[in-house]
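Trainee: With the input below, show me the fold.
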Amino acid sequence: MTIDFYAGQVPTADELLALSVGYVSQGSSQAVTSSTTLVDSSIVIPIDGLSEVRLSARYTALAGGMKWAWSSTGTVTCSSRDIMSAGETTTTTAGTANIDDMRWRQIATLTEEQSTDQFNNASTQLIVERLIVDGVGDLTFRFAQDTSNASATTLNAASYATVHKLRAL
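Mentor: Next up, the predicted model:
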């Protein structure tokens, strides 16, 4: 966001805080077992006006894969949702991950479910999203197993989202 202050004008604390990037983390790992019903994660993002949200979700899914979507409250709407998911099938002896699958997609709906398979049971996989949203309310990241399985699908504690207020030009 640009700073639109003029000489002699004193910015308020609220105006300065609006320039900062907010951060919400998952905090502790959360597992879903034998269920394809989406559950709320701890990644709940308050939205107050035009904002950019960036998600970095790490997960393991020993056999059931993972699906995810967003839910919103209040008047929050989405104008752009860019999605990238990647996974690796093998790790070389030097510890380098080989990316086996990468997918980019752009849609403009929060509730459309996305899914991905698990590629390697020994490591976490990554989902990255960038959303442009507007309105007032909360966004909640939701996830489940893509295919019901007795092995857990786990959203890693290190998953997080950032939010940055934007202004229309």
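Trainee: CA atoms for contacts and neighbours, from now on please.
Mentor: Noted.
Trainee: So the residue nearest the centre of the chain versus residue 131, what's the distance?
Mentor: Taking CA atoms, centre = their mean as the criterion, residue 55 is the residue nearest the geometric centre of the chain, at 2.9 Å. Residue 55 sits 8 Å away from residue 131, going by CA to CA, to the nearest Å.
Trainee: how about the helices of this structure, start to end?
Mentor: 13-17 (DSSP state H).
Trainee: Give the residue spans of it that score low on pLDDT.
Mentor: In the predicted model, the chain carries pLDDT under 70 at residues 1-4, 86-105, 118-123.
Trainee: give me that answer again for 50
Mentor: Along the chain, the parts satisfying pLDDT under 50 run over 89-92, 97.
Trainee: tell me how far the ends of stretch 154-167 are from each other?
Mentor: Using CA to CA, first and last residues of stretch 154-167 are 36 Å apart.
Trainee: hang on, I meant stretch 7-19
Mentor: First residue to last in stretch 7-19 (CA to CA) measures 18 Å.
Trainee: which residues touch residue 137?
Mentor: For residue 137, the contacting residues are 46, 47, 48, 72, 73, 74, 75, 76, by CA atoms under 8 Å, 6 or more residues apart in numbering.
Trainee: could you redo the last one with a cut-off of 6 Å?
Mentor: Neighbour list for residue 137: 46, 47, 73, 74, 76 [criterion: CA atoms under 6 Å, 6 or more residues apart in numbering].
Trainee: top of the residues you listed by neighbour count?
Mentor: If you count neighbours using other CA atoms under 10 Å, the busiest of the contacts of residue 137 is residue 47, which has 24 neighbours.
Trainee: Just grab the bridge partners of that residue for me.
Mentor: residue 137 (DSSP bridges).
Trainee: Find the residues that touch each one of residue 55 and residue 131.
Mentor: Contacts common to residue 55 and residue 131, judged by CA under 6 Å, 6+ apart, are absent.
Trainee: residue boundaries of the strands in this protein?
Mentor: For the chain, the strands defined by DSSP state E occupy 22-25, 30-32, 39-48, 51-61, 66-72, 77-91, 97-107, 114-116, 125-134, 136-144, 153-155, 160-165.
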